[in-house]
Structures are given as C-alpha cells and as structure tokens.
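Chemist: I would like the atomic coordinates for the input below:
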Amino acid sequence: MPWFSQTRIVGLCHDRVMSGVLSSPVVLDPAVGDRGAIERLIEARAPYWPVQRYFTNSAEYAASSGNAAEQMVVAPVFRGDWALDGRADPDVEWLLNDAQFAEAARTVFGGAEVVRPHTLYCNLTWQLPFAQGAGHVDVPAFRGFDRNEWPTTFLSIMGMSGLFEDVRRHIATGVAWFYAGTDGGFEYWPDGPDRPSRIHEGAIDNTMIVGDNDFMFHRVRPTGRVEDGLRSLSLDAELVHDGSGTWSIVDEGKTVASFGRDALRMSLSWKADVFATEAEAACVDDHDDDIDLGGVVARFVDDLRERGVAASAPDDPVRDPAFIALLQEHYVRYPTVGAAA
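Modeler: Reported below is the predicted structural model:
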C-alpha cells in the first residue's frame with residue numbers, strides 16, 4: 001500500500017483536506033547571521049551529557065532512533081537543552097525567536113498564520129562513523145495525547161499509521177549545522193520512505209533544513225572514520241571545554257579523548273508549534289478537538305478489522321506486549337530506498 005493515503009478530515013479544528021503529501025522542506029543558507037555567537041554559546045553552555053540521558057529507557061531510545069537494539073549504546077553524542085516549553089534564558093532567546101526560522105515554518109505548513117517556538121537543543125558528536133539508525137521520524141504529539149503522559153513507542157506507532165493526522169500537532173523542526181567537516185551530513189526522505197532520499201552533506205556549516213520531521217523520515221550521516229572505532233561510554237560521561245579551544249570527554253573520572261573544535265560536529269534543533277489560523281490555535285488551546293485513549297484504540301481496532309485482522313482492545317493497550325507487537329507488525333516501517341545514485 002502507498003506510504004500515506006489521502007484522507008478527508010473535517011473536524012472542529014480542521015476544515016481543509018489533509019492530503020497526506022509531505023510538505024517540501026525549506027533550506028536556509030546561512031542559518032544565522034552571527035556565526036560567532038553560536039560558537040560563544042557552545043562554549044559557554046558546556047559541559048554536555050550523553051544524549052541517551054534524555055531517553056527514559058531502551059524502548060524509548062529505539063523508538064526515537066529507529067534502532068531495534070535491546071540495550072542502549074552510549075556513543076560520543078552529547079546534548080544540551082537551550083530552551084524548553086517556550087522558555088529561554090536571555091542569551092538564547094534571540095535564537096529561539098529567530099524570524100527567519102519562523103518564516104520557514106510558515107512556508108513548510110502552507111502559509112500558516114501562527115508559529116510558536118518552544119524548543120531549542122544542540123547535539124555534539126565526536127566520533128560516530130556509522131549511520132544513526134535506518135531512518136526515523138521524530139516522536140509526534142497529538143491533541144490531548146503526547147509524551148507527557150503516554151509512552152513514546154506508542155506515539156511513534158500512531159504517527160506511522162497515518163490514522164491520526166486530523167489530531168496530530170503540527171510541529172516544525174529546523175536542524176542547523178555548525179561544523180566545517182565534509183562528513184556528518186543529513187539524509188532525509190522528503191518524498192516518502194519508498195522514494196529516493198536526499199543527502200545534505202559537505203558544505204553544511206551554518207545551514208538549516210526546516211521540515212515536518214514528525215512525518216518526514218531522516219537520519220544522521222556517519223561522522224569520523226571507521227578505522228578509529230566507536231568509543232563506548234557510560235551515562236555519566238561529560239563533554240567539557242577547557243576555555244582555550246580543547247574539548248575533552250571525561251568518563252568515570254578519566255579523560256578518554258581530547259580534540260579540537262573542528263572534530264566536533266554540532267547540530268542545533270529548533271522546534272515550534274504551527275497553526276494554520278488563529279482559530280485553530282485557539283481550538284487547540286481550549287482542547288476542543290482532543291482525542292483520548294478510547295478514541296485512539298478504536299481507530300486502530302477498526303482499521304485492523306478492515307484489513308482482515310482479528311483485533312480487540314486489551315486492558316492496557318499502550319503497554320500490552322501482544323497488542324503493541326500487532327501494531328508494530330502492521331504500521332511500523334522504515335525507509336526502503338536510499339539516495340539516488
């Protein structure tokens with residue numbers, strides 16, 4: 001069946017056709033006017049900790065990364081939160097509210113009227129010479145149904161199923177790179193996972209791609225050399241800066257690696273809620289069009305039965321192993337086609 005079938009959606013917050021066609025990402029070059037300001041922020045906001053600290057367990061990590069590993073691998077990829085829930089310290093407020101980012105988000109979502117930036121974080125990668133996962137979508141959020149209360153694995157299945165587009169929160173994601181290396185690029189599938197991907201690599205320094213990453217598959221390209229191997233760390237590892245240009249990874253009291261800034265791939269992720277109209281934003285704010293667990297499970301069960309699959313709602317559908325496995329079998333997928341030759 002096609003990646004995403006067309007669906008007519010008419011609801012309290014929707015009165016237009018949602019075609020299920022991916023919106024074209026927007027490329028910004030340059031991403032920011034003051035490149036030096038980013039470098040000062042990177043240094044001032046050190047130290048950083050492994051990205052896996054931001055996942056509650058291995059299942060959440062697998063859902064977000066596209067990896068099926070039973071146990072998390074703590075690689076030298078570090079994260080720092082710069083803004084959360086729309087709140088930013090004065091030194092990064094200008095970046096969260098960047099007008100160019102907001103305009104790109106409006107374009108991605110067809111001229112949306114309302115853009116509310118809420119999240120800004122950075123990932124810093126030293127040596128990860130393998131593609132990060134098979135390609136994934138970010139964990140989506142739905143009206144009345146998000147990761148604040150529900151498991152990310154279940155939310156990811158909801159997103160991949162395509163059954164909840166009428167209640168999916170539209171979130172624009174901009175990813176910018178501040179890295180002069182020729183590796184460590186970005187592979188993405190703007191035409192769907194069954195069509196060739198595109199690769200943004202090489203001259204990526206101070207560029208940004210803004211898209212619907214809860215719907216568009218993407219992944220990080222390898223950084224570093226395979227012959228240098230992959231360092232395995234503990235969750236207590238830190239990425240620190242000495243104030244004079246040298247970065248080091250310190251794990252369990254020992255310095256396991258030191259390197260210059262040029263060896264550190266830095267990406268910055270910006271996220272904003274996007275609404276087609278002020279009326280839609282108000283509808284969402286007032287929770288007039290929320291979905292609850294009963295509505296979610298009913299859609300899954302009805303769709304499975306239409307497919308000829310015997311299905312019924314278990315007592316704890318978001319955690320029942322058999323039910324989750326059934327949903328994964330029928331709805332979870334990853335890209336099948338790489339970049340065009």
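Chemist: Now Val108: closest residue in space that isn't a chain neighbour?
Modeler: Spatial nearest neighbour of Val108, chain neighbours left out: Ser23 (4.9 Å); criterion: CB to CB, 6 or more residues apart in numbering. For the C-beta atoms, the positions are set from N, CA and C on the backbone; glycine is no exception.
Chemist: a strand runs through the one you found, doesn't it?
Modeler: No: counting by DSSP: H, G, I helix; E, B strand; the rest coil, Ser23 falls outside a strand, being coil.
Chemist: Gly111 is in contact with that one, correct?
Modeler: No: using CB atoms under 8 Å, Ser23 makes no contact with Gly111, being 10.9 Å away.
Chemist: still on that earlier bit, let's see the pLDDT reported for the residue nearest to Val108.
Modeler: Looking at Ser23, its pLDDT reads 74.
Chemist: try the one 3 residues further on
Modeler: At Val26, the pLDDT value in this model is 97.
Chemist: any idea how far Ser244 is from the residue nearest the centre of the chain?
Modeler: Residue closest to the average C-alpha location in the chain (CA atoms, centre = their mean): Asp138, at 3.5 Å. Using CB to CB, to the nearest Å, Asp138 is found at 36 Å from Ser244.
Chemist: Ok, Cys122 next?
Modeler: Relative to Ser244, and taking CB to CB, Cys122 is found at 21 Å.
Chemist: Looking at those two, which is more packed in?
Modeler: Cys122 (20 against 5; other CB atoms under 10 Å).
Chemist: List the contacts of the more buried one.
Modeler: Contacts of Cys122 were listed using CB atoms under 8 Å, 6 or more residues apart in numbering, and they are Ile42, Arg45, Tyr48, Arg79, Gly80, Trp82, Met266, Ser267, Leu268, Ser269.
Chemist: Of these, which belong to helices?
Modeler: Members of those lying in helices (criterion: DSSP state H): Ile42.
Chemist: what about the helix or strand containing Thr153, distance to the chain center?
Modeler: Per DSSP states H and E, Thr153 falls inside helix 152-161. Between the centre of helix 152-161 and the centre of its chain there are 13 Å (CA atoms, centre = their mean, to the nearest Å).
Chemist: ok, Ala263 - contacts?
Modeler: In this structure, Ala263 makes contact with Trp126, Gln127, Gly181, Gly224, Trp247, judged by CB under 8 Å, 6+ apart.
Chemist: Need the residues you listed in TSV (columns: pLDDT, secondary structure and neighbour count).
Modeler: Formatted as TSV, these follow (pLDDT from 0 to 100; DSSP: H, G, I helix; E, B strand; the rest coil; neighbours: other CB atoms under 10 Å):
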residue	pLDDT	secondary structure	neighbour count
Trp126	95	coil	21
Gln127	92	coil	22
Gly181	95	coil	17
Gly224	92	coil	21
Trp247	98	strand	23
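Chemist: quick one: Cys283 and Val137, what's the gap?
Modeler: 25 Å.
Chemist: quick one, strands of the stretch 201-341 of the chain?
Modeler: Assigned by DSSP state E, counting those that start in this stretch, the stretch 201-341 of the chain shows strands spanning 207-211, 218-220, 238-241, 246-251, 254-260, 265-275.
Chemist: Looking at those, which is nearest to Thr153?
Modeler: When those are compared by CB to CB, strand 218-220 sits nearest Thr153, at 18.3 Å.
Chemist: Select the longest helix from this structure.
Modeler: Across the chain, the longest stretch assigned as helix under DSSP H is helix 293-306.
Chemist: Give me the residue ranges of this structure where confidence is low.
Modeler: Applying pLDDT under 70 to the chain flags residues 1-22, 54-72, 340-341.
Chemist: so Glu113 makes contact with Ala279?
Modeler: No: counting by CB under 8 Å, Ala279 is not a contact partner of Glu113; they are 9.1 Å apart.
Chemist: what's the spacing between stretch 302-313 and its chain's center?
Modeler: Distance, stretch centre to chain centre, for stretch 302-313: 30 Å (CA atoms, centre = their mean).
Chemist: Quick one: end-to-end distance for that stretch.
Modeler: End-to-end span of stretch 302-313 (CA to CA, to the nearest Å): 10 Å.
Chemist: what's in contact with it?
Modeler: Ser161, Leu163, Val297, Ala298, Phe300, Val301, Phe323, Leu326, His330.
Chemist: closest to Tyr188 among the residues you listed?
Modeler: Ranked by distance to Tyr188 (CB to CB), the contacts of stretch 302-313 are led by Ser161 at 20.8 Å.
Chemist: Can you tell me the closest non-neighbouring residue to that closest one?
Modeler: Among residues not flanking Ser161 along the chain, Tyr331 sits closest, at 4.1 Å (CB to CB, 6+ apart).
Chemist: measure the residue nearest to Val108 to Arg40 for me?
Modeler: According to CB to CB, Ser23 stands 33 Å off from Arg40.
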